[in-house]
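Trainee: Mind looking at a prediction? Sequence and model below.
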Amino acid sequence: MTPAPHPDHGMEELCPAGSELYALALRDGHIGSALAETAPCLLRFGLLQPTVDDPSRLEPVAAAVALHELLRTSEERIADERRREARLTKAFEPLLRAQGPPAGPTGEPATIRMHSGLDRINQAISHVMADASQELLAIQTHPAHTRTSPALFALALDRDQALLDRGGRIRSLYQHTLRHAPTVHARYERLQGDVEARTLNEVTERLLVFDRAVAFIPANKDRTLALEVRLPALVDYLVTVFDRLWHLATPLYPRAVRKPSLDGITPRQHAIAALLVEGHTDTAIAERLGMNVRTARLHIAKLAATLGSESRAQLGYLIGESGILKQEQAAQ
């Protein structure tokens, strides 16, 4: 069998196999090159070196010597970063003078900033979330044509758990179409702390609010642009919108609730019926309810069969005559 590849790591995170083999070499004074293949990191970091008279025999570099060399390398790297900081400061100094004083009568930081690119957006969110200590309010939407990458999922999970570990709480809103999404359930199975999630048929675009002081909202359809909002009046407005939607939503976690069907018509079909009588197309209905067009048309066909409709025009009439929309409002 082909051995598993050696994990990639830095010197400060020496793997268990490397630590054990290096300790053995220090005790015995040498090891064979064949044995060193189980921990190639020791040669890569210079902790083992071949002897002059027998290349198949590897001797360990003394631990004190190795530590000194690694610390010197670290010091050189820090010095390089400081020189880079000095060059950046020198390069931006005339630009900062040319810019003049910050906008605003009191010289406060910009209250609305634009971030471009997913990496910069996630970096900005991470920085703000690292300072948050009280609460995250989130409206999470996942368009049908996009999928969350494992790397972004892991990043978001780590950020959420760090906030919970600091004593904060998380409240998240999703569309009903995501009640059974594996990533949603995987998230709440792993998080430990004060977490709650609810769902609605329709939600706004994605929204993140930290400590009711900083908000992030998308600035274009594909979410490659985002606005960071620190204007108190606007953040308060977004919090109010979230709170109103939250009270209308159905609990998902930690207590999942399934709405009962009324007269054989499911809650999803009630939502579709309301949009049908407003004159929306199948495509518009699918987009607003977070499903693909094929699924929306399947629900419409089932709704038509339940009401005995033979045409689109007749379906709208039967929905109005049946009173199912009034029943749905009464149930809420």
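Mentor: Nice, I can see it.
Trainee: At which residues are the helices of the protein located?
Mentor: Taking DSSP state H to define them, one finds helices in the chain at 16-28, 33-36, 41-44, 63-99, 118-131, 150-165, 182-190, 232-248, 267-277, 282-289, 293-307, 312-322, 324-331.
Trainee: average model confidence for the first one?
Mentor: On average, the pLDDT along helix 16-28 is 86.
Trainee: swap in stretch 48-68?
Mentor: pLDDT averaged over stretch 48-68 gives 81.
Trainee: Low-confidence stretches in the stretch 151-300 of the chain?
Mentor: Flagging of the stretch 151-300 of the chain using pLDDT under 70 yields the residue ranges 256-264, 290.
Trainee: where in the stretch 1-150 of the chain is pLDDT low?
Mentor: 1-4, 11, 96-110, 142-149.
Trainee: Just name the most buried of the helices of the chain.
Mentor: The highest average neighbour count among these, using mean count of other C-beta atoms under 10 Å, belongs to helix 267-277 at a mean of 20. Yep, even glycine has a C-beta here, placed from its N, CA and C like the rest.
Trainee: Summarise which helices and strands it is packed against.
Mentor: Where contact means 3 or more C-beta pairs under 8 Å, 6 or more residues apart in numbering; DSSP states H and E, helix 267-277 is packed against helix 282-289, helix 293-307, helix 312-322, helix 324-331.
Trainee: closest to residue 230 out of those?
Mentor: Nearest to residue 230 among the helices and strands packed on helix 267-277 is helix 282-289 (30.1 Å), distances taken as C-beta to C-beta.
Trainee: Alpha carbons of that closest one, as PDB, please.
Mentor: Backbone C-alpha positions of helix 282-289 (Å, rounded to 0.1, in the frame of the first residue of the first chain) are rendered in PDB as follows:
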ATOM      1  CA  ASP A 282     -42.700  31.000 -12.400                       C
ATOM      2  CA  THR A 283     -39.100  32.400 -12.600                       C
ATOM      3  CA  ALA A 284     -39.900  35.300 -10.200                       C
ATOM      4  CA  ILE A 285     -41.600  32.900  -7.700                       C
ATOM      5  CA  ALA A 286     -38.600  30.600  -7.700                       C
ATOM      6  CA  GLU A 287     -36.200  33.400  -7.200                       C
ATOM      7  CA  ARG A 288     -38.200  35.000  -4.300                       C
ATOM      8  CA  LEU A 289     -38.700  31.600  -2.500                       C
END
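Trainee: Can you name every helix or strand that that helix contacts?
Mentor: Counting contacts by 3+ C-beta pairs under 8 Å, 6+ apart, helix 282-289 is packed against helix 267-277, helix 293-307.
Trainee: one step back: distance to residue 203 for the helices of the chain - can I get that in CSV?
Mentor: Output for the helices of the chain, formatted as CSV (distance: least, C-beta to C-beta, whole Å):
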stretch, distance to residue 203
helix 16-28, 46
helix 33-36, 57
helix 41-44, 48
helix 63-99, 39
helix 118-131, 19
helix 150-165, 18
helix 182-190, 13
helix 232-248, 7
helix 267-277, 12
helix 282-289, 10
helix 293-307, 17
helix 312-322, 23
helix 324-331, 18
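Trainee: out of those, nearest to residue 222?
Mentor: Residue 222 lies closest to helix 118-131 among these, at 9.7 Å (C-beta to C-beta).
Trainee: got the angle between that closest one and helix 150-165?
Mentor: Counting by axes from the mean of the first three to the mean of the last three C-alpha atoms, to 10 degrees, helix 118-131 lies at 10 degrees to helix 150-165.
Trainee: thinking again about what came up before, nearest to residue 213, of the helices of the chain?
Mentor: Closest to residue 213 of the helices of the chain is helix 232-248 (C-beta to C-beta; 6.3 Å).
Trainee: where's the nearest residue to residue 254 once chain neighbours are set aside relative to residue 246, distance?
Mentor: The spatially closest residue to residue 254, leaving aside those adjacent along the chain, is residue 196, at 6.9 Å (C-beta to C-beta, 6 or more residues apart in numbering). From residue 196 over to residue 246 the distance is 9 Å, taken as C-beta to C-beta, to the nearest Å.
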